[in-house]
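**Q** here's my sequence, what's the structure:
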Amino acid sequence: MNGFAAEGNEQRDVEQHGIRLLADREHSRLEMRRKLLARDYDPAVVEEALQSLEKQGLLSDERFTEQYINVLKRKGFGPLRIRALLRERGINDTMIHEWVDNREDEWRHLMVQAARRKFGDSKGEDFSQKSKIARFLEYRGYPEFMIRDYLFD
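**A** This next block holds a predicted model:
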């Protein structure tokens with residue numbers, strides 16, 4: 001078998017592996033690249049396969065971002081944590097800004113829901129309880145000004 005045929009087979013194998021990964025859930029381009037390279041595929045072949053998957057509409061950072069944000073919102077995470085998680089997965093700042101910023105009312109609503117799920121309707125009777133709620137919300141990725149507004153409203 002010549003080298004060209006072997007290279008074509010490897011690209012097909014890489015694409016098929018990528019499709020199997022995408023069948024489970026959406027992946028960002030960076031996640032997909034890392035997973036395929038971890039399987040010891042040739043980096044040049046991986047890049048070609050990623051481009052092919054993008055051309056076919058199977059791999060999309062935009063679709064991944066939308067789905068991932070929806071999952072994290074349901075889990076009660078806020079904009080700061082979501083922004084950090086998206087950056088870890090290779091999503092660019094422009095797309096993050098488009099999907100995360102300028103939605104303050106939505107984030108406030110989600111923050112209140114997360115706090116009520118964990119602590120009920122109480123906003124804390126004393127400083128100790130308020131601190132506990134604040135730490136929880138801060139860990140979840142809500143900005144300090146929103147937390148303060150909620151607890152001391």
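**Q** domain-wise, how is the protein divided?
**A** 1-59, 60-153 (automatic domain parsing).
**Q** and the longest one, how far apart are its ends?
**A** It refers to domain 60-153. End-to-end distance of domain 60-153 (C-alpha to C-alpha, to the nearest Å): 41 Å.
**Q** for it, what is the average pLDDT?
**A** In this model, domain 60-153 carries a mean pLDDT of 93.
**Q** need the nearest residue in space to D13, chain neighbours excluded.
**A** In space, and not counting its chain neighbours, D13 is closest to Y41: 7.7 Å by C-beta to C-beta, 6 or more residues apart in numbering. C-beta: built from backbone N, CA, C; applies to glycine.
**Q** pretty sure the one you found is touching V14, no?
**A** Yes - when contacts are counted by C-beta atoms under 8 Å, Y41 is listed as touching V14 (5.1 Å).
**Q** circling back: can you list the domains of the chain in CSV and add mean neighbour count?
**A** CSV is the format used below for the domains of the chain (neighbours: other C-beta atoms under 10 Å):
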stretch, mean neighbour count
domain 1-59, 15
domain 60-153, 15
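**Q** cheers, nothing more for now.
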